[in-house]
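Q: Got a predicted model here, sequence first, then my questions.
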Amino acid sequence: MTRILSGIKPTGNLTLGNYIGALKHFKDFQEQGEVFIFIADLHALTLPIDPEVLRQNTRDLAAFYLASGLDPEKTTIFVQSAVPQHAELNAILQNYLYMGELSRMTQFKEKSAHMKDSAIGLGLFAYPVLMASDIVLYDADIVPVGEDQVQHVEITRDLVNRMNKRYGEKTLVLPNYKINKVGARIMSLSDPTVKMSKSDPKGDIFLKDPVEVIRKKIMSAVTDSGSEIYYDKENKPGVSNLLTIYASLKEISIEEAVAHFQGYRYGDFKKEIAQTVIDELEPFQKRYQEILASGSYLEVLRKGAKKASQIAEKTLKRVQNAVGLLDTDE
Ligand code: ATP
Ligand code: LTN
């Protein structure tokens with residue numbers, strides 16, 4: 001059976017970008033294979049974060065996962081740090097990714113650009129090693145992610161090929177990334193040339209924003225000069241971003257979205273986009289509140305970690321064995 005795995009870092013308030021690029025689609029994979037969705041809390045430590053904030057973000061993300069329609073009977077939902085095999089495999093795999101290739105990672109370059117060397121943690125640099133461990137531990141075939149994470153799946157593939165060449169073809173399973181045709185990169189509403197990002201919020205719509213705040217943010221989104229509505233990422237990044245948001249929520253193509261808005265003025269265009277976002281997020285927020293208040297997510301996470309750990313242990317043993325670590329229980 002196809003294994004599908006993905007995760008989100010509990011680094012901040014989830015944005016509409018996270019929802020469209022990742023969260024919204026996770027549930028669709030439940031019909032296509034065996035799904036593992038986790039909270040990448042160890043990854044959240046790669047940049048400074050307050051302990052209480054991290055804990056609360058983790059609870060929030062668990063509730064968001066469940067509110068998005070993930071069914072714990074079908075999907076294994078868990079917290080990364082609750083499955084110790086992630087860190088154990090990381091300790092082995094860190095020897096097979098190299099300084100040169102890690103220093104070329106776009107995410108590392110972007111996140112460390114304004115930091116002094118003396119403040120950049122090793123975890124930020126070695127981020128792709130832990131991410132590769134997350135993926136290969138479950139023999140994942142498919143990794144659904146937004147565009148910004150493709151490079152990390154590619155370096156995981158390099159690592160898998162390297163390991164398999166050295167230790168035998170069956171050591172690790174080679175994963176493929178999967179990105180959405182529409183909505184893999186939602187841009188900031190105030191500066192549509194930069195990604196909407198939860199750790200660097202500029203013109204973001206947060207999944208927890210009250211609906212009237214969402215409406216205000218969309219109504220004041222940067223549009224472009226001219227008055228026509230068409231898709232042109234280079235020259236009309238603001239309008240193109242709003243069209244992308246609309247198309248991905250309505251699950252239609254960009255062409256269909258453009259056709260729909262023919263003859264609209266910017267004001268009415270934005271009004272309709274705002275209502276579309278609200279129609280999607282309002283019921284989602286209600287489910288999220290209920291789940292959070294009931295605390296039901298805790299049992300889901302406990303069961304998920306138990307199941308994940310059993311599967312992860314098999315892979316870990318296989319790798320320990322392949323690289324030559326002695327198993328004294330043998
Ligand atoms: P951070 O700002 O902390 O790096 P982030 O907002 O980029 O966080 P991640 O936890 O890195 O969020 O990403 C979770 C998932 O959401 C990933 O699959 C990522 O590709 C996707 N994603 C993040 N931002 C966007 C965006 N603007 N558009 C589409 N998908 C996105
Ligand atoms: N790096 C990812 C989060 C993440 C992930 C993973 C995604 C950590 N491990 C494994 C898919 C598979 C991010 O920043 N979105």
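A: Done, it's in. Numbering: from 1, shown residues only. Ligands and ions are numbered 1, 2, ... in the order given.
Q: Look up phi and psi at the spatially most central residue of the chain.
A: The centre of the chain sits closest to I8, judged by Cα atoms, centre = their mean, with a distance of 4.1 Å. Note on I8: backbone dihedrals following degrees, to the nearest 10 are phi -130, psi 140.
Q: In this model A40 seems to touch it, though I could be wrong.
A: Yes. I8 is in contact with A40 according to Cβ atoms under 8 Å; the separation is 6.5 Å. Using the backbone N, CA and C atoms, a C-beta is placed for each residue, glycine as well.
Q: residues near the residue in the stretch 101-250 of the chain that ligand 1 sits nearest to, how many?
A: When you check the stretch 101-250 of the chain against ligand 1 by Cβ to the nearest ligand atom, the closest residue turns out to be G146, at 2.3 Å. Residues lying near G146 (other Cβ atoms under 10 Å) number 21.
Q: Hmm, R185 and it touching each other?
A: Yes. Contact criterion Cβ under 8 Å: G146 and R185 qualify, at 6.4 Å.
Q: quick revisit: for the closest residue to the residue of the stretch 101-250 of the chain closest to ligand 1 other than its chain neighbours, which three-state class applies?
A: In this structure, G146 finds its nearest non-sequential neighbour in G21, 3.3 Å apart by Cβ to Cβ, 6 or more residues apart in numbering. Of the three states, G21 takes helix according to DSSP: H, G, I helix; E, B strand; the rest coil.
Q: Kindly report the same for the one 5 residues further on.
A: In terms of secondary structure, F26 is helix; the call rests on three-state DSSP.
Q: how many other residues sit next to it?
A: F26: 20 neighbours (other Cβ under 10 Å).
Q: State the distance from it to ligand 1.
A: 10 Å (Cβ to the nearest ligand atom, to the nearest Å).
Q: For that residue, which residues are in contact?
A: Applying Cβ atoms under 8 Å, 6 or more residues apart in numbering, we find F26 in contact with S6, V35, I37, Y65, S68, L70, T75, P144.
Q: longest helix in this protein, by residue count?
A: As assigned by DSSP state H, the longest helix anywhere in the chain is helix 266-294.
Q: ok, back up a step: quick one: which of the contacts of F26 sit in strands?
A: S6, V35, I37, T75, P144 (DSSP state E).
Q: list the contacts for the first one?
A: Looking back up the chat, that one is S6. A22, F26, F36, I37, F38, V143, P144, V145.
Q: looking at it, the fourth one is touching V79, isn't it?
A: No. With contacts counted by Cβ under 8 Å, I37 stays clear of V79, the gap being 10.9 Å.
Q: more neighbours, those two?
A: Using other Cβ under 10 Å as the criterion, I37 and V79 rank with I37 on top: 26 against 21.
Q: pLDDT at the more buried one, what is it?
A: Per-residue pLDDT puts I37 at 98.
Q: Check N180 too.
A: 86.
Q: just to revisit the earlier point, can you tell me which of the ones in strands among the contacts of F26 are up against ligand 1?
A: Among those, no residue lies close to ligand 1 (Cβ under 6 Å from any ligand atom).
Q: Need the max-distance pair from these.
A: T75 and P144 (12.3 Å; Cβ to Cβ).
Q: State the distance from the residue in the chain that ligand 1 sits nearest to to ligand 2.
A: Using Cβ to the nearest ligand atom, the closest approach of the chain to ligand 1 is made by G21 at 1.8 Å. Between G21 and ligand 2 the computed distance is 9 Å (Cβ to the nearest ligand atom).
Q: Then E251?
A: Between E251 and ligand 2 the computed distance is 22 Å (Cβ to the nearest ligand atom).
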